[in-house]
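Student: Mind folding the following:
(chains A, B, C and D)
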2 protein chains.
Amino acid sequence: MSTPITPPSRIPAARPPAGGARVANQQLERVATIETVAERAGVSRQTVSNVINSPDRVRPETRERVQAAIDELRYRPSRLGSALQSRSTRSFAYRCHIDEAEENLLLDRFLHELCRAAALRQHHIVLVSPANETDEIVTYDDMYRTGGVDGFILSGTYPGDPRLDFLIAERIPFVSFGRNWDHPELGGWVDIDGAAGVADAVQHFWATGHRRIAWIGGSSTGGADNDRRNGYHRTLTELGGEPLAIECSETIEGAAEAAVAALGVAHPPTAFVCATDIAAVGCSRAAAEMHRTVGAELGIIGFDDTRLALAPTPQLSSIRQPTAMVAQLLIDGLIAAVTSGAIMAPHLLNPTLIHRGSS
Amino acid sequence: MSTPITPPSRIPAARPPAGGARVANQQLERVATIETVAERAGVSRQTVSNVINSPDRVRPETRERVQAAIDELRYRPSRLGSALQSRSTRSFAYRCHIDEAEENLLLDRFLHELCRAAALRQHHIVLVSPANETDEIVTYDDMYRTGGVDGFILSGTYPGDPRLDFLIAERIPFVSFGRNWDHPELGGWVDIDGAAGVADAVQHFWATGHRRIAWIGGSSTGGADNDRRNGYHRTLTELGGEPLAIECSETIEGAAEAAVAALGVAHPPTAFVCATDIAAVGCSRAAAEMHRTVGAELGIIGFDDTRLALAPTPQLSSIRQPTAMVAQLLIDGLIAAVTSGAIMAPHLLNPTLIHRGSS
DNA sequence: TCGCTTGACTTGAACGTTCAAACAGCGTAC
DNA sequence: GTACGCTGTTTGAACGTTCAAGTCAAGCGA
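Tutor: The predicted model follows:
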């Protein structure tokens, strides 16, 4: 049998520009489709599809011929076509928010890790940026319903978080960086054991002789902040110390003021365990103002190990979150949720205390 | 005519789970499609489509009936369906890279603005994270060919940037934050006039009596770094001052060391104009080490106005880029490129000098 | 020789849209 | 009374893929 070339049943006729089509790219060069490849290789679409998706179903000889056609035409299967058919876009949405001071500092790092982890699994991250919280839920619903994404990655959850309730009620696949505070047993989350991280910090200070160890951070009563503060209280109490929690606003300025005030009293603290690096930098500034030597005289440990911790002299010790691991677990968990409906087991990861000049 | 309810011609039979389908959501509730709505309203698909896309073509009476069906069924048109048909996903890719120290600090802010600007135009931002540069081009090609995105947003361009050549050669729509250094006249970019920003800084120092004004920054010979450094040289020379450019590595540490050395000589500089906030923080640290009072005794102006500038005491003045405007121009330009093939005119925006305690 | 199985491949249909062409109904002009 | 145009609506086809079912020839045991 000579090479069987099925005659082109219909000639695609290179549609005119059309509504919002790619005008810049549209001059007749019409990108190769599975059909083009099939014609070139003298087989049917499905065989081409098989060569790509289940090569073992195709005779080696044919496979080779098809592969040659694929290479020749630089064919790449259209994500859209398969998405429509499989009802999965292989992409997840993540909210890009920079309003809350605390979380932002980690945003770029986390986003990068998320992106890498997704890429490893052939998925993409799509950003959303709803203005406010109700808007956020509406946006999620919209994105999911319009088929834009297969699922959602949340971060910065807190007790009573309406997003979790909504997504669960609507049976929309999601995972969160931050536990489900109300029902941790439901799973579907990865979080950092903030309390454990803070416990490390407190124990370190205690072991190096500090007896007046203060906590400084925001007044937030829910979520990660509270978890960290609780870790402080518990650990210090267990060691026999007397807790001193200082409240401040979530800015360097605010923390500095609060720390200056704290250092001005009789028996001032000799060490600060901070809710964030922002607060830590504030403490560092307060130390300068009150003429204390950071490190030897006054201990400071921040949280999140952002670039901010490197700014002061000496550089600040900080508690680092294993973001890469978090990202990987989240992506894997979300893929599982989408494909099999399985909700991932909860993961509580330990952060690491990075020692620098301030502790 | 009584309400015409066309009998459901075929019952969709709720396909079994299938390959990668949404198992979690798949129990018979099958999301509404345009066909469902059409049946419910007793009209054809196209009429529903018209109600959504060109309502003026539909009789008000019918329109109302269709709208009711849409609301009732909570119908949202599938992005996938229309993307396949219109060949446009209404999404753009942006590279999420955090390797280069300089650019990162702006990443989250810029990304957020980009995301907002895109949302205003009903578009989405998809992240990509190629490992290296050749990989980046391959990834772009891949994403475009597989129909994942309509175009690309680059940042951090430099002379000889292979990405620009590639995208132009392949006629792939893109815009860049950062000019096309080799052929600025080609357009398709928005950039900050770094030289002008630095000129402001130099002039400010000169006007306030400084005569030994140093430049400190990386040794990079291309792109934005060079532009900023040239602005320094030109302005200072014009004013009659003697340029002193200090090279340092792109870390706080490196800048601090270099600044300390510079301050140690006879007739040391009294002001630092810095290529980045990182360098500026380094200078601030050097000042502390060499016992100079930042502000009164030693001027410092950073670049990018990142959070880092707020860390030292006093807070550092910095040159702020109008990222929101950049993002908006880029998105509009890219949409134009995709829809009409038009390449946007180049935009060179002026940054703003933000005065704080250090100048 | 027949029926059954297996392997390799093809065809039909569906996923959810929208463009283009067709069509029905009605009013107006010749 | 036919021709024409206008308005509102429907139908066919296409976008690029994959699942499910079909075809077809070869191999094999009875």
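Student: what's the nearest residue to residue A:166 if we skip its chain neighbours?
Tutor: Spatial nearest neighbour of residue A:166, chain neighbours left out: residue A:137 (5.0 Å); criterion: CB to CB, 6 or more residues apart in numbering or on different chains. Using the backbone N, CA and C atoms, a C-beta is placed for each residue, glycine as well.
Student: hey, which helix or strand in chain A has the poorest pLDDT?
Tutor: Counting by mean pLDDT, DSSP states H and E, the weakest-scoring helix or strand in chain A turns out to be helix A:101-120, with a mean of 81.
Student: hey, C-alpha coordinates of it in CSV?
Tutor: The C-alpha trace of helix A:101-120 is given here as CSV (Å, rounded to 0.1, in the frame of the first residue of the first chain):
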residue,chain,number,x,y,z
ALA,A,101,0.2,45.1,55.4
GLU,A,102,1.2,41.9,57.0
GLU,A,103,0.7,39.4,54.2
ASN,A,104,2.0,41.4,51.4
LEU,A,105,5.6,41.2,52.2
LEU,A,106,5.3,37.5,51.5
LEU,A,107,3.2,37.9,48.4
ASP,A,108,5.9,38.0,45.8
ARG,A,109,7.8,35.1,47.3
PHE,A,110,4.7,33.0,47.7
LEU,A,111,3.3,33.8,44.3
HIS,A,112,6.5,32.8,42.7
GLU,A,113,6.6,29.5,44.5
LEU,A,114,2.9,28.9,43.7
CYS,A,115,3.6,29.6,40.1
ARG,A,116,6.5,27.1,40.0
ALA,A,117,4.6,24.4,41.7
ALA,A,118,1.7,24.8,39.4
ALA,A,119,4.0,24.8,36.3
LEU,A,120,5.5,21.5,37.5
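Student: anything in that helix sitting right up against chain B?
Tutor: Yes: counting by CB under 8 Å from any CB of the partner chain, chain B has neighbours in helix A:101-120: A:104-105, A:107-109, A:111-112, A:115-116, A:119.
Student: what about residue A:153, is that helix, strand or coil?
Tutor: Using DSSP: H, G, I helix; E, B strand; the rest coil, the three-state assignment for residue A:153 comes out as strand.
Student: Bridging across strands, which residues link to it?
Tutor: Using DSSP bridges, the beta-bridge partners of residue A:153 come out as residue A:94, residue A:175.
Student: Please identify the helix or strand for the closest residue to DNA strand C within the stretch 51-200 of chain A.
Tutor: Shortest the stretch 51-200 of chain A-to-DNA strand C distance, computed as CB to the nearest atom of the strand: residue-wise this is residue A:62, at 3.2 Å. Secondary structure from DSSP states H and E places residue A:62 in helix A:60-73.
Student: mind listing what's buried in that helix?
Tutor: Of all the residues in helix A:60-73, those buried under the rule 16 or more other CB atoms under 10 Å in any protein chain shown are A:62-63, A:65-67, A:69-70, A:73.
Student: Let's see the helix or strand just after that helix as PDB, backbone CA atoms only.
Tutor: Next helix or strand after helix A:60-73 toward the C-terminus (DSSP H and E): helix A:79-86. What follows is helix A:79-86, C-alpha atoms only, in PDB (Å, rounded to 0.1, in the frame of the first residue of the first chain):
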ATOM      1  CA  ARG A  79      -5.400  24.500  25.500                       C
ATOM      2  CA  LEU A  80      -8.800  25.800  24.700                       C
ATOM      3  CA  GLY A  81     -10.000  22.900  22.700                       C
ATOM      4  CA  SER A  82      -9.100  20.400  25.300                       C
ATOM      5  CA  ALA A  83     -10.300  22.600  28.100                       C
ATOM      6  CA  LEU A  84     -13.700  22.800  26.500                       C
ATOM      7  CA  GLN A  85     -13.800  19.000  26.100                       C
ATOM      8  CA  SER A  86     -12.400  18.000  29.400                       C
END
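Student: can you state the direction angle for helix A:79-86 and helix B:79-86?
Tutor: Between helix A:79-86 and helix B:79-86, the angle comes out at 130 degrees (axes from the mean of the first three to the mean of the last three CA atoms, to 10 degrees).
Student: which secondary structure elements does helix A:79-86 contact?
Tutor: Packed against helix A:79-86 by the contact rule (3 or more CB pairs under 8 Å, 6 or more residues apart in numbering or on different chains; DSSP states H and E) you find helix B:79-86.
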